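Student: Give the three-dimensional model of this entry:
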Amino acid sequence: MDVGEGAVQEIAPQKKEKEPTEDEKRRQKIAPGTLMKAVVRPGGGDATPSDNYQVVYHYTVRTLDGVVVESSRSEYGGKGIPIIHVLGKSKMIVGLLEGIPTMLKGEIAMFKMKPQVHYGEDDCPVVAPSSFPKDDELHFEIEMIDFFKAKVISDDLGVVKKVVTEGQGWECPREPYEVKAWICAKTGDGKVIVSRTRGEPFFFNFGKSEVPKGLEMGIGTMTREEKAVIYVTSQYLTTSPFLPAVEGLEEVHFEVELVHFIQVRDMLGDGRLIKRRIRDGKGEFPMDCPLQDSLLRVHYKGMLLNEEKTIFFDTRVDNHGQPLEFCSGEGLVPEGFEMCVRLMVPEEIALVTCPPDYAYDKFPRPANVPEGAHIQWEIELLGFEMPKDWTGLNFQTIMEEAEKIRNTGNRLFKERKFELAKAKYDKVLREFNHVNPQDDEEGKIFSNTRNLLHLNVAACYLKMGECRKSIETCNKVLEANPGHVKALYRRGMAYMTVGDFEEAKSDFNTMIKLDKSTEPDATAALLKVKQKEQEVEKKVRKQFKGLFDKKPGEIAEAGTEDVDETAGEIHKNDDKEDSDGDHSDESHEIADDAPRTSWLSHLWPRRLLAALGRPGCTIL
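Tutor: You can find the predicted model right below:
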C-alpha cells in the first residue's frame, strides 16, 4: 500500500534481543539424540523449576549395563544428602541444565546421556570425579525431591533462603538490632543438630557473632513473623554460642521463624549515642517519623547513667503530668534527644543512651545533673504536627510564615547555633522557589526578603568557616542587585578572611561610592584589611628571614615556626538599618577567628616556591 504525501506511517519499535547467558549457549549446542529422558515415576502438579529456583534432588549414575558409578544415596555408597543447586547460578553439567527444568515435584526420571552432555562436554565447568568414565554413555537417575523460588544471599551460593511464610512490613534486622527467633538446625540429611528452643525464642544481638555468619546473613533478609529455611554451607558456618560445634558439617539447614526484633540504632556510628526501641509505635519507619521540623509532643524520663539510675526529671511527675512540647530544628532540647526523636514513630517508646557532649554539656544543664554526666532518656513520642503547607496561602500569609521562621533563625544565630540557623533560612529559600508575587509591590517585598535570607546564609557560612560558600551566596544577591551595599560588605569580609585582600578592598571602596552613609563602616573595614596585609607580610618576612641574604649555594632554610595573629575588633554594621530601609536584624557579626587560607602565592612567584621545595607552602 502506497503512503500518500503527508500521511503518517506507524513504525513498530524493534525489540532488542537479549544476549543469551552462558548456560543458554551451552544448551543450544545439545545435538539431537545426545540426551534422552524416560519417566520412571510421575511427579505431582504441573509446576516445573526454572532459573533462580533452588532444586533438591538425589541422583545415581550408572553405566548402560547397570553398574553404579556415583550416587548421592547412602545405599549406593553416597552420603545420603540430597544435592542442592540453584538453576542459572550453580555450575552443572549441561544434560542436567536441560533435563531438570522438565521435571515435576516427586518425579523420578532416567536421563540417557552421551559424553558431550555430561562431563565429556568441551570446557565443562564441572570437574569430573576421579576415575569417572566421562567418555562413556551413561544413565543419570534423578529424583526431584523439592524445588522453590530461592533468594540467593551470597554470590557463591553458600547462603540461600527459602521463604515458607511471608512476613509483615519491610524492615529487616541489622546491626546492632536485638532479635528473637525460633530456630531449628538440621544437617543436609535431616538429622536435628539444634531443636527448636523450648519456652522462649532464641535471643541474640545482631552483628555480635552470636549465631553462625550464614544464619545471620539470612535472618538479615527476613521481616517480622516471616518463616524461612536458610541453607548454609560450611564456609559460612562460623562457631557461635548457638552452634558451638561446626567441625565436619558440610551444610546446615536452619528453619527460622522471626518472632520479633528490636530496633537499635547507633546514631553516631561510634557506640556513644544509642537509641533502643522498647515499644513499637504506630506507622512505618521512616515514612511516619518526624524527619522534618515539626511540633513534637513527648513524655520523657531523664536518668543519670550511674548505678542508681538517678532520675533527674520526669514529665509525668515534675511537669504536672503534661508532656513536653517543642519544635524540632530550633535547638530547644539537647542535640542527642532531638536526633533520636526524629527517628521515632507515634506511640513508640525508646531508651536513649547519650554522651555528655550530645546531652547537657552544650545545653542548659538541670541543677541536679553534674557536668560531664552520661544521660539515659526514656522517651515516648505521643505525636507530632507537620509544618504548615504553604500551598494555597495568599502572599501576605506566606510572608508572615517566612518572617516567623527567619526570626527563629536569627535567634539560633545569636545562640551560635549556626548550622540550625542556616537550615531555617534555607527552608524559607526552598519554599520561595514556589512563590509567585502578583504585582510590583509584592515583588519588591519578596526580593528584599530573599536578599536578607541569602545574606543570613552567607553570615552562617562565614561563622562555620566556609568562606568560599559565603562569597558564592553573596554573589546571588549581587547578580540581581549589584549595588546592594550590605552584600558587598559581607562579601568583602569573606574575601578578607580568605586572604583575597584586593577583592575585599574593591568591595569596601564600591560601598563608599554607592552610599556615603556606609563610609564609616567601609573605612573601618579597609583599615582592617590593611592591618591584615601587614600582619601577613610580617609573618612571611619572619618565616623567610635571611633567605635572600646568602650567597649562591648557601640558601638557608626558611623558618617554619607558627606566628600568632592578633585580630582587632571591627566596627559592626549589624544593628543599623539595611540599605533598602528595612530594619535588618539579620546582619550578624563576623567572627575574626574564622579559618584563614594562605595568600603566600600573591607575594612569592610559584617558581621560587617550587625551587625551594615548598610548592604548597602555607601560612599557619
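Student: which regions of the stretch 451-600 of the chain lie under the pLDDT threshold?
Tutor: 546-600 (pLDDT under 70).
Student: hmm, 80 instead?
Tutor: The model of the stretch 451-600 of the chain has pLDDT under 80 over residues 543-600.
Student: quick one: S447 and V477 touch, right?
Tutor: No: with contacts counted by C-beta atoms under 8 Å, S447 stays clear of V477, the gap being 9.7 Å. For every residue, glycine as well, the C-beta is placed using N, CA and C.
Student: where's I349 relative to R277, distance?
Tutor: Plainly put, I349 is 7 Å away from R277 if you go by C-beta to C-beta, to the nearest Å.
Student: no, scratch that, I was asking about K404
Tutor: 33 Å.
Student: quick revisit: of S447 and V477, who's got more company?
Tutor: V477 (23 against 15; other C-beta atoms under 10 Å).
Student: Surely that one is in a strand?
Tutor: No: using DSSP: H, G, I helix; E, B strand; the rest coil, the secondary structure at V477 is helix, not a strand.
Student: For I93, which non-adjacent residue is closest in space?
Tutor: Take I93 and drop its neighbours on the chain: the residue closest to it by C-beta to C-beta, 6 or more residues apart in numbering is H118, 4.8 Å away.
Student: Please parse this protein into its domains.
Tutor: 22-148, 153-262, 265-385, 395-532 (the TED database).
Student: Endpoints of the second one, how far apart?
Tutor: Pointing back at domain 153-262 there. 23 Å (C-alpha to C-alpha, to the nearest Å).
Student: Contacts only, for the residue nearest to I93.
Tutor: By C-beta atoms under 8 Å, 6 or more residues apart in numbering, the residues touching H118 are I93, V94, G95, C124, K134, L138, F140.
Student: Quick check: the gap between it and P32.
Tutor: 17 Å.
Student: more neighbours, K404 and R277?
Tutor: R277 (22 against 13).
Student: now the more buried one, which residues is it bridged with?
Tutor: Counting by DSSP bridges, R277 forms beta bridges with A350.
Student: Name the next helix or strand downstream of the host helix or strand of R411, please.
Tutor: Assigned by DSSP states H and E, R411 belongs to helix 395-414. Downstream of helix 395-414, the first helix or strand assigned by DSSP H and E is helix 418-432.
Student: Just the buried residues of the next helix or strand after that following helix, please?
Tutor: Once the chain leaves helix 418-432, the next helix or strand it forms, by DSSP H and E, is helix 440-463. For helix 440-463, a neighbour-count test (16 or more other C-beta atoms under 10 Å) marks 442, 446, 448-463 as buried.
Student: pLDDT weak spots in the chain?
Tutor: Ranges of the chain meeting pLDDT under 80: 1-18, 196-199, 543-620.
Student: one step back: among the contacts of H118, which are located in helices?
Tutor: V94, G95 (DSSP state H).
Student: out of the contacts of H118, which one sits closest to F206?
Tutor: Set against F206, the nearest of the contacts of H118 by C-beta to C-beta is I93 (39.4 Å).
Student: Contact partners for V159?
Tutor: V152, I153, G214, M217, G218, I230, Y231, V232, T233, Y236.
Student: ditto for P355
Tutor: R272, L273, G336, H374.
Student: Please apply the same query to P290.
Tutor: Taking C-beta under 8 Å, 6+ apart, one finds L296, S328, V341, R342, M344, L381, F384, M386 in contact with P290.
Student: out of those residues, which are buried?
Tutor: L296, S328, V341, R342, M344, L381, F384.
Student: And the first one, how far from F384?
Tutor: Distance, L296 to F384, by C-beta to C-beta: 5 Å.
Student: related to what we said a few turns ago, now, among the contacts of H118, which is nearest to G409?
Tutor: Nearest to G409 among the contacts of H118 is V94, at 69.1 Å by C-beta to C-beta.
Student: hang on, that closest one packs against G120?
Tutor: No: between V94 and G120 there is no contact under C-beta under 8 Å: 10.3 Å.
Student: So those two - more neighbours on which side?
Tutor: Per other C-beta under 10 Å, whichever of V94 and G120 has more neighbours is V94, with 23 against 18.
Student: tell me the contacts of that one?
Tutor: Neighbour list for V94: D23, R26, R27, K29, I30, V117, H118, E121, C124 [criterion: C-beta under 8 Å, 6+ apart].
Student: hang on, the second one is in a strand, isn't it?
Tutor: It refers to R26. No: with three-state DSSP as the criterion, R26 is located in helix rather than a strand.
Student: residue contacts, it?
Tutor: By C-beta under 8 Å, 6+ apart, R26 lies in contact with V94, L97, E121.
Student: Same check on the fourth one?
Tutor: Applying C-beta under 8 Å, 6+ apart, we find K29 in contact with V94.
Student: which one of the contacts of H118 sits closest to M113?
Tutor: The closest of the contacts of H118 to M113 turns out to be G95 (C-beta to C-beta; 4.4 Å).
Student: okay, now the closest one: neighbour count?
Tutor: 25.
Student: which residues sit in contact with it?
Tutor: Taking C-beta under 8 Å, 6+ apart, one finds I30, L35, F111, M113, V117, H118, F140 in contact with G95.
Student: tell me which residues form a beta bridge with the second one?
Tutor: Looking back up the chat, that one is L35. Going by DSSP bridges, L35 forms beta bridges with M113.
Student: Correct me if wrong: it contacts M113.
Tutor: Yes: L35 is in contact with M113 according to C-beta under 8 Å; the separation is 5.7 Å.
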